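Q: take a look and give me a structure for this.
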Amino acid sequence: MERITMARPSWDDEMRDAAVTTLDSLHWVKGPQGKAFGKEFSEYCGALQGTPCQSGSVALWGALRLLEIGPGDEVLVPSLTYIATATCVSLVGATPVFVDVEAEYWCVDLDALEAARTERTKAVIGVHLFGQLCAPELQDWCENHNIAYIEDAAQAHGASQKGSKKAGALGDVACFSFFPSKNLAVGGEGGMMMTKRADLAARMDALVNHGRDARLESHELGSNLRMSEVTAAIGRVQLQRLEGWLERRRNIAARYHAAFANVSGISVPKIREDTEHAWHQYCLLVDEPEALRATLDERGIDSRVYYAQPCHRQGVYSNHPQHNDKFEVTDDVASRLVAIPIHHQLTENEVERIIDAVTTIQS
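A: Numbering: from 1, shown residues only. Here you go, the predicted model:
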């Protein structure tokens, strides 16, 4: 029986043809595919501009550079997230200030933000964790305090406020990752910066190209952060499939919700009202996570724990003043969030195998 993996990258003839056609064109960098991908994805999200780049981590660094954040500045970040959300702040010389997350939705907590805000606070990185949008009130809070809102949308391709904007068009700058496990991928590493602000859009393309203008003169500090034409071509094809893939993920999530609602020792993830979850991950809050993971493993099903070691407690921040701080919600759920497969390529048989394995633990 084939093992069920956490992700299964999509690859088909149309993507292959897009890649080969681009290679055959001999226009491998700084060409029409990257420009088209940025335009099409930003229009899909409802933003003004998108600029492809090498990874989601690069996009986060670029967002901070665009907002001119550096030494002496503080950036508020949730500690329950992937480490790149924090290290991008350190890489520009600013200070990450770690905060707790919401008990229900696991996104950055507004009360925690307010408690951590100082006169040096220049930005918040709001992580749409696992595909769940941050609270819409975060936008108002940032505007009221003149604090930039950076969306870490690395896990939120297609997440949206019902009848309104999608992830990518909510903050000052949004950052996406196209790593192979993500809802939308590009055949390798890739990312995108996105903005709704005209003043930032004017600089975004230059930043990924050594800060240069059309005359090849550098006006600000940048680097070679460009996405290749081949990966952009693959991303354009995948973007055409994204809505169908999201529908499949949401259908699977609904079945999981129904099946696991009354399983002892397990809580299903909640969905914020008036939003569409992107379901990059489906994480159960489990009283005995290792027992569940052992059962899944015995039945040939992969799982992961997110995020067992919060960012502020990782070795890279051993000298950070918050290294030993306690965060009520983060400390409670870290190591208890067990992700089970939910990708769009799961077969009906595989979905049933997963449901059967999870519900078995109460029998």
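Q: need the phi and psi values for Gly50.
A: The phi and psi values for Gly50, taken as degrees, to the nearest 10, are phi -130, psi 140.
Q: surely it meets Gly190?
A: No - Gly50 is not in contact with Gly190 according to CB atoms under 8 Å; the separation is 12.0 Å. C-beta here means a position set from N, CA and C on the backbone, and glycine is covered the same way.
Q: okay, now Leu91: neighbour count?
A: 14 (other CB atoms under 10 Å).
Q: what separation is there between it and Ala253?
A: 34 Å (CB to CB, to the nearest Å).
Q: which one's the longest strand in the protein?
A: If you go by DSSP state E, the chain has its longest strand at strand 121-127.
Q: run through who's touching the helix or strand just after it.
A: Where DSSP states H and E defines the elements, the next helix or strand beyond strand 121-127 is helix 137-144. Identification of contacts with helix 137-144 by CB atoms under 8 Å, 6 or more residues apart in numbering yields 108, 110, 113-114, 124, 126, 147-149, 170-172.
Q: try it again at 6 Å.
A: 110, 124, 126, 149 (CB atoms under 6 Å, 6 or more residues apart in numbering).
Q: if any of those residues are buried, give me the ChimeraX selection for them.
A: To isolate the buried members of these in ChimeraX, using 16 or more other CB atoms under 10 Å:
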select :110,124,126,149
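Q: out of the contacts of helix 137-144, who's nearest Gly235?
A: Ranked by distance to Gly235 (CB to CB), the contacts of helix 137-144 are led by Gly126 at 23.7 Å.
Q: ok, the closest one - contacts?
A: Applying CB under 6 Å, 6+ apart, the residues near Gly126 are 108, 134, 138, 151.
Q: change it to 10 Å
A: Contacts for Gly126 (CB atoms under 10 Å, 6 or more residues apart in numbering) come out as 76-78, 81, 85, 107-108, 113, 133-135, 138-139, 141-142, 149-153, 167, 170-171, 174.
Q: list the buried residues in the lengthiest helix in the chain.
A: The single longest helix within the chain, with elements called by DSSP state H, is helix 229-260. Neighbour counts over helix 229-260 (16+ other CB under 10 Å) mark 229-239, 242, 245-246, 248-250, 252-253, 256, 259-260 as buried.
Q: could you do stretch 66-79 as well?
A: Result for stretch 66-79 [16+ other CB under 10 Å]: buried residues 66-67, 69, 73-79.
Q: element containing the nearest residue to His157 once chain neighbours are set aside, please.
A: In space, His157 comes closest to Asn183 once its chain neighbours are excluded; the distance is 4.2 Å by CB to CB, 6 or more residues apart in numbering. Here Asn183, judged by DSSP H and E, is contained in no helix and no strand.
Q: thinking Asn183 is in contact with Gly158, fair?
A: Yes - in this structure, Asn183 is within contact of Gly158 by CB atoms under 10 Å, at 6.3 Å.
Q: between the two, which contacts overlap?
A: Common contacts of Asn183 and Gly158 (CB under 10 Å, 6+ apart): 131, 242, 245-246, 249, 278-280.
Q: out of these, flag the one nearest to Met204.
A: Using CB to CB, those come closest to Met204 at Leu242, 21.9 Å.
Q: okay but the closest one is in contact with Leu184, surely?
A: Yes - with contact defined as CB under 10 Å, Leu242 reaches Leu184; the gap is 5.4 Å.
Q: what's the offset of stretch 165-178 from the middle of its chain?
A: Distance of stretch 165-178 from the chain centroid (CA atoms, centre = their mean, to the nearest Å) equals 9 Å.
Q: so where's the stretch 51-200 of the chain uncertain?
A: Across the stretch 51-200 of the chain, nothing is flagged by pLDDT under 70.
Q: please, where are all the strands along it?
A: 74-78, 95-99, 121-127, 148-152, 160-161, 173-177, 191-195 (DSSP state E, counting those that start in this stretch).
Q: check contacts around the residue nearest the centre of the chain.
A: The centre of the chain sits closest to Ala154, judged by CA atoms, centre = their mean, with a distance of 2.0 Å. Residues counted as contacts of Ala154 (CB under 10 Å, 6+ apart) are 55-57, 59-60, 81-82, 84-85, 127-129, 167, 174-179, 182, 191, 280.
Q: for Thr231, see how far away it is.
A: Taken as CB to CB, the span from Ala154 to Thr231 is 16 Å.
Q: which one of the buried residues of stretch 66-79 is nearest to Asn324?
A: Of all those, Ser79 has the smallest distance to Asn324: 12.2 Å, by CB to CB.
Q: how about the nearest residue to Arg212, chain neighbours excluded?
A: Ser218 (5.0 Å).
Q: from memory Leu184 sits against Gly158, does it?
A: Yes - between Leu184 and Gly158 a contact is recorded at 7.8 Å, counting by CB under 10 Å.
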